[in-house]
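Participant: Test case, fold it:
(one chain, ligands or ions: 2)
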Amino acid sequence: MSMPTIKAVRAFTVRGGGADYHDQAGGHWIDDHIGTPMGKYPEYRQSRQSFGINVLGTLVVEIEASDGTVGFAVTTAGEIGAFIVEKHLSRFLIGRQVTEIEKIWDQMYFATQYYGRKGVVLNTISGVDLALWDLLAKVRKEPVHALLGGPVRDELQFYATGARPDLAKEMGFIGGKLPLHHVPAEGEEGFRKNIELLAEMRSRCGDDFWLMYDCWMSLDLNYATKLAHKAHEYGLKWIEEALSPDDYWGYAELRKNVPKGMLVTTGEHEATRWGFKLLLEMGCCDIIQPDVGWCGGVTELIKISALADAHSALVVPHGSSVYSYHFVITRQNSPFAEFLMMHPVPDQVVPMFTPLLLDEPVPVNGRMKASVLDKPGFGVRLNPEVKLHRPYANG
Ligand SMILES: C[C@H](O)[C@H](O)[C@@H](O)[C@@H](O)C(=O)O
Ligand SMILES: [Mg+2]
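Facilitator: Numbers count the residues shown, from 1 in each chain. Ligands and ions are numbered 1, 2, ... in the order given. Predicted coordinates:
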């Protein structure tokens, strides 16, 4: 059965929210004195934008087939990503059948291995891969989840990431993940404030609501161990991304150090089956959290998820909107999903990639019926109000 071929690949950039969700206006919870590896420098503590967390911006990849169908996806890669797509990766797509997703992924990865392997190159490969899955599913007039084996449950349930777990509980989420605000360089006072915030949220949320801390790579092993033990008194469910993504050895130690019953999670800044193989085989964590827009796309997440399943590890992808929902709904070892609260407070649910996408589904009362995802592709459209820029229009 002959399938349409790829006739055009276009890469656009856009600023202000969207897939680079750290790229927000001032006063947003997501940029309010959150702990990071740059926190050792006082001048970079108040705002992550001050050290450049939002420099990349959003990459939009559009792939047009010979029958006129257009698949697209969005991720965090901006102009660098647009360069890689138009100057390097497009040669592995033009003229290919829309079904050649596995072969295209292999060529994109190994052709960029000399300068890629992780980071913005894998973000870019992920963006192309997601657009290919969107295109193929649209050609087949099916949702992406149907191409992945179909739903294993009737609905998704979500925990919420944001500054107000107490409000997330009222909105029906199963848990709330707080950003950690203070790093080791802020000493005992910072440590005390970290615990005080957790204690306050525990008192507001009651004993059964999941509370987690996201440490965004900002701690050392000793501090993370101390934090885990003190936070255990307030029922911390997991300690997330406490150490540098390169410190596999530290994570393996931390997992032995934390109190029984507390989970260690990481992975949003890890990429490919090889990176997650290291995390899993070194016993670094109980839950891996690949971002499907950063780890290699759906094609690679299928491999990563199978590896995790074989290690009895859960896969709870880092918030990436529809791109993770279509995956999570099809996997037994992905029992729940993350919803990143993008409202500035946050006291209401808004689409994660707002304002970039139309028809982007959001949890209602902390849940999302599988049927909500039953639209061709990933089921979203680009918002025509959002002006896109194509920096390498002439390839
Ligand atoms: C809330 C965290 O600091 C990050 O901003 C978030 O992107 C990520 O780490 C997460 O797990 O949602
Ligand atoms: Mg995180």
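
Participant: make it CA atoms for all contacts and neighbour counts henceforth
Facilitator: OK.

Participant: Can you name the residues of the stretch 201-350 of the chain sitting close to ligand 1?
Facilitator: D214, W216, H318, G319, L340 (C-alpha under 6 Å from any ligand atom).

Participant: Among those residues, name the ones in strands.
Facilitator: If you go by DSSP state E, those have D214, L340 in strands.

Participant: would you list the residues of the stretch 201-350 of the chain next to ligand 1 in TSV and tack on pLDDT, neighbour count and distance to N194?
Facilitator: Putting those into TSV (pLDDT from 0 to 100; neighbours: other C-alpha atoms under 10 Å; distance: C-alpha to C-alpha, whole Å) gives the following:
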residue	pLDDT	neighbour count	distance to N194
D214	99	22	11
W216	99	22	14
H318	98	22	23
G319	95	23	23
L340	98	24	21
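
Participant: what sits opposite the residue of the chain at minimum distance from ligand 1 in the beta ladder?
Facilitator: Of all residues in the chain, P179 sits closest to ligand 1, at 4.8 Å by C-alpha to the nearest ligand atom. Taking DSSP bridges as the rule, P179 bridges to D214.

Participant: who's in contact with the residue nearest to H343 when sequence neighbours are not counted?
Facilitator: Distances taken as C-alpha to C-alpha, 6 or more residues apart in numbering place V350 nearest to H343, at 6.1 Å, with adjacent residues excluded. Going by C-alpha atoms under 8 Å, 6 or more residues apart in numbering, V350 touches M341, M342, H343, V362.

Participant: Now for these: which two are most distant?
Facilitator: Farthest-apart pair in those is H343 and V362; separation 12.5 Å (C-alpha to C-alpha).

Participant: Overlap in contacts, these two.
Facilitator: Common contacts of H343 and V362 (C-alpha under 8 Å, 6+ apart): V349, V350.

Participant: Can you get me the start-to-end distance on stretch 354-371?
Facilitator: Distance between the boundary residues of stretch 354-371 (C-alpha to C-alpha, to the nearest Å) amounts to 22 Å.

Participant: Number of residues surrounding E102?
Facilitator: The local packing of E102 (other C-alpha atoms under 10 Å) involves 12 other residues.

Participant: In PDB, list the C-alpha atoms belonging to the helix or strand that contains it.
Facilitator: Element membership for E102 (DSSP states H and E) is helix 101-112. What follows is helix 101-112 as a C-alpha-only set of coordinates in PDB (Å, rounded to 0.1, in the frame of the first residue of the first chain):
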ATOM      1  CA  ILE A 101       9.700   6.900  11.300                       C
ATOM      2  CA  GLU A 102      12.100   4.300  12.800                       C
ATOM      3  CA  LYS A 103      14.700   4.700  10.000                       C
ATOM      4  CA  ILE A 104      14.500   8.500  10.000                       C
ATOM      5  CA  TRP A 105      15.000   8.500  13.700                       C
ATOM      6  CA  ASP A 106      18.100   6.300  13.400                       C
ATOM      7  CA  GLN A 107      19.600   8.500  10.700                       C
ATOM      8  CA  MET A 108      18.800  11.800  12.600                       C
ATOM      9  CA  TYR A 109      20.500  10.500  15.700                       C
ATOM     10  CA  PHE A 110      23.600   9.000  14.200                       C
ATOM     11  CA  ALA A 111      24.100  11.800  11.800                       C
ATOM     12  CA  THR A 112      24.200  14.300  14.700                       C
END
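
Participant: How are the strands of this structure distributed by residue range?
Facilitator: Using DSSP E, strands in the chain cover 6-14, 58-65, 70-76, 155-161, 175-179, 210-214, 236-240, 263-266, 287-288, 314-315, 337-340, 357-358, 367-369, 381-382.

Participant: Output the contacting helices and strands for the second one.
Facilitator: Using 3 or more C-alpha pairs under 8 Å, 6 or more residues apart in numbering; DSSP states H and E, the elements in contact with strand 58-65 are strand 6-14, strand 70-76, helix 78-87, helix 119-139.

Participant: Buried residues of the third one, list them for me.
Facilitator: Neighbour counts using 16 or more other C-alpha atoms under 10 Å place G78, E79, I80, G81, A82, F83, I84, V85, E86 of helix 78-87 among the buried residues.

Participant: Max pairwise distance over those: which two?
Facilitator: Between any two of these (C-alpha to C-alpha), the greatest distance is 12.5 Å, for G78 and E86.

Participant: Now do stretch 372-387: distance to the chain's middle.
Facilitator: Centroid displacement of stretch 372-387 relative to its chain, using C-alpha atoms, centre = their mean, to the nearest Å, is 18 Å.

Participant: actually stretch 268-283, not the one I typed
Facilitator: With C-alpha atoms, centre = their mean, you get 15 Å for stretch 268-283.
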